[in-house]
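Asks: Sequence plus predicted model, see below.
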Amino acid sequence: MLTITIIVLIAYLIFMLWIGNYAASKSTGKTESDYFVTGWTTGYIGISFSIAATFASGAYVLGTIGVFYGNPANLTGYAFGTTFAPFMLWMLGRRIWAIGKRYGYSTFTDLIGDFYQSEKLRVVVSILICIFFAPYLAVNFMAPAILTTQVSGGAIPFWVSCLVFGVITTIYTWQGGMRGVIWTDIAQTLIMIVGFAIIIPIMFGVAGGWSAVWEKLPDKIATYKPGGGSFWIVLSWFWIVGFMQTGNPDRAFRLLVARDLGHIRKGCLASLVLLTIWTVVGFFLGWSLAVVVPGVAKTDLAFGEAINKFAPYMMPVLMVVVWAGGMSTLDSGMIAISAMLTKDVYRRNLNPQATDEQVYRVGQAINIALGVFAFILALLNLKTLWFFVGAGAAVAMQWTPAIIAALYWKRATTAGAWAGILSGVGITALFYYVIKCPIPGPGGAAILGMVVNVLALIFVSLATQPLDEKHVMKYQGLFR
């Protein structure tokens, strides 16, 4: 079965390279706007499927579903978060797309730097996000490599899987830019949906059917009643999932590529449907795995162990699903960070006279460098998958209050944005990396950071000189 699994995986990888090459052939030219935002030509299918594919990372397939394995409070908060997220996307997307189209933006930091009239703030935010988000890129190397090593019994080393995964993803991202990312994301979303549709009934069958699953489920799952610390767990998961979509650059930037406002609206609605599908998948797999392979200590391995033990003939399907999930998130993160470093650091500060083609080439080079850097981080293989997912999302979402204020609050000031972002990132990093957060779950540190962030933004803005009204109206006046 290992040989068949590898053959199927190789066929999948060749297919991804072909799609990336085809997408690159549709490029309208070697320009910044084409490479980073598809020249604002993407429809709602591309937007929604790309958001869904990026959301369902390799860490989701193994790590998130592994976390849900036996813990219903986590999944309850997750479900609320996936319902809320598309509305946040619409609230920001409908305005930031119009501003981005007017002023040629390809990153959210374009808005932050221009609205708050601070080149330093633009660069600092870009660098902070790149630093804290880089480990999240590495997670997407780790999930496919963990499964491949597990399935092969160690015959295929962890580093070999990481290397192959990184090379293929980097090639089609380097070649096709955002267009290559979106086209492959559409294929990867369809692959994952079909894969889960095949695997879930088989897992329920192994468990003895729907009724048997309910009979065998541990009481803490089958009779789950929120109470005690459960509220904070639910809130924590709701927070990290709900705000992750507008905070994480790998999916938030999809709002800038739309053809028009109608496609953003349809894209957000379609995202609601697709994210709901991922929630349902989490419920079904979490329940069935809790019955089929109870008591797996390292929950990242629960899914692979169940397939290996009870349905080894499905391993090729699981393998492709995990690799598709990892690649669809890694490519999105690479293109987003590449856009920030290329535009905010290179073009605006290192080489203001750079031509579009020079920016295009630098963006390609940064994509390669990011792939190498994430590969090295992945080899460290330090913590469980969800630690890096949560940490990256928790810090990245700290720019959200400053963005919302730029879109909706006339009184926001540059000093307020500085105070909010730096305090929010500082508190979040403190409780994620240094000391234990008093609020449990992956979103606990993000909640504390966001509260401090918003308070600092409001009070410092009210205490400092407001921005020029005409300048503010260049952005907020577009929607009157």
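Replies: It's in. Remember, it's a predicted structure, so these values are computed and weren't measured experimentally. Residues are numbered from 1 along each chain as shown.
Asks: can you list the weak-confidence ranges in the stretch 201-350 of the chain?
Replies: By pLDDT under 70, the low-scoring segments of the stretch 201-350 of the chain are 217-230, 297, 299.
Asks: hey, where'd the helices end up in it?
Replies: 210-216, 219-222, 230-247, 249-252, 261-292, 302-310, 315-340 (DSSP state H, counting those that start in this stretch).
Asks: For the helix or strand harbouring residue 10, what is the distance to the chain centroid?
Replies: When secondary structure is defined by DSSP states H and E, residue 10 falls within helix 2-25. When distances are taken as C-alpha atoms, centre = their mean, to the nearest Å, helix 2-25 is centred 22 Å away from the chain's centroid.
Asks: hmm, back to that, and the helices of the stretch 201-350 of the chain: which comes nearest residue 6?
Replies: Ranking the helices of the stretch 201-350 of the chain by their distance to residue 6 (criterion: C-beta to C-beta) puts helix 315-340 first, at 8.5 Å. Where C-beta positions appear, they are placed from N, C-alpha and C, glycine not excepted.
Asks: one step back: next, format the helices of the stretch 201-350 of the chain as TSV and append distance to residue 136 and mean neighbour count.
Replies: Formatted as TSV, the helices of the stretch 201-350 of the chain follow (distance: least, C-beta to C-beta, whole Å; neighbours: other C-beta atoms under 10 Å):
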stretch	distance to residue 136	mean neighbour count
helix 210-216	33	14
helix 219-222	29	14
helix 230-247	10	23
helix 249-252	8	27
helix 261-292	18	20
helix 302-310	20	21
helix 315-340	7	28
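Asks: what does the host helix or strand of residue 48 rub up against?
Replies: Per DSSP H and E, residue 48 falls inside helix 44-55. Applying C-beta atoms under 8 Å, 6 or more residues apart in numbering, the contact partners of helix 44-55 are 89, 181-183, 185-186, 188-190, 192, 245, 248, 250-251, 254-255, 257-258, 262-271, 273-275, 277-278, 324-325, 328-329, 332.
Asks: any idea of the angle the helix or strand residue 368 falls within forms with helix 315-340?
Replies: Under the assignment given by DSSP H and E, the secondary-structure element containing residue 368 is helix 356-380. In this structure, helix 356-380 runs at an angle of 130 degrees to helix 315-340, with axes from the mean of the first three to the mean of the last three C-alpha atoms, to 10 degrees as the basis.
Asks: could we number from 39 for the rest of this?
Replies: That works, and once the first residue is 39, the last one we named lands at helix 394-418.
Asks: Starting from the helix holding residue 48, tell me the next helix or strand along the chain.
Replies: For helix 40-63, the succeeding helix or strand toward the C-terminus, using DSSP H and E, is helix 70-75.
Asks: Now stretch 126-146: average pLDDT?
Replies: Regarding stretch 126-146, the rounded mean pLDDT is 88.
Asks: can you list contacts of it?
Replies: Residues outside stretch 126-146 that contact it (C-beta under 8 Å, 6+ apart) are 70-71, 74-75, 78, 89, 148-149, 152, 164, 280-281, 283-284, 287, 290-291, 293-294, 296, 299, 302-303, 305-306, 309, 374, 377-378, 381-382, 437-438, 441-442, 445-446, 513, 516-517.
Asks: same check, this time on stretch 342-355
Replies: Counting by C-beta under 8 Å, 6+ apart, stretch 342-355 makes contact with 39-40, 42-43, 46-47, 100, 184-185, 188-189, 233, 236-237, 240-241, 244, 326-327, 330-331, 334, 356, all of which sit outside it.
Asks: for the helices of the stretch 239-388 of the chain, which one sits closest to residue 205?
Replies: Using C-beta to C-beta and comparing the helices of the stretch 239-388 of the chain, the one that lies nearest residue 205 is helix 353-378, at 11.2 Å.
Asks: Report the angle between the closest one and helix 340-348.
Replies: Using the same axes, to 10 degrees, helix 353-378 lies at 160 degrees relative to helix 340-348.
Asks: got the angle between helix 353-378 and helix 40-63?
Replies: Calculated by the same axes, to 10 degrees, helix 353-378 forms an angle of 30 degrees with helix 40-63.
Asks: Could you check the angle helix 353-378 makes with helix 82-93?
Replies: 100 degrees.
Asks: Can you give the distance of helix 353-378 from its chain's centre?
Replies: Here the centre of helix 353-378 is set off from its chain's centre by 10 Å, with C-alpha atoms, centre = their mean.
Asks: cool, stretch 319-326 as well?
Replies: Its chain's C-alpha centre lies 21 Å from the corresponding centre of stretch 319-326 when counted by C-alpha atoms, centre = their mean.
Asks: just to revisit the earlier point, other SSEs contacting the helix holding residue 48?
Replies: For helix 40-63, the contact count by 3 or more C-beta pairs under 8 Å, 6 or more residues apart in numbering; DSSP states H and E identifies helix 157-190, helix 196-245, helix 353-378 as packing neighbours.
Asks: and of those, who's closest to residue 485?
Replies: Distances from residue 485 to each of those were compared using C-beta to C-beta; the shortest belongs to helix 157-190, at 16.7 Å.
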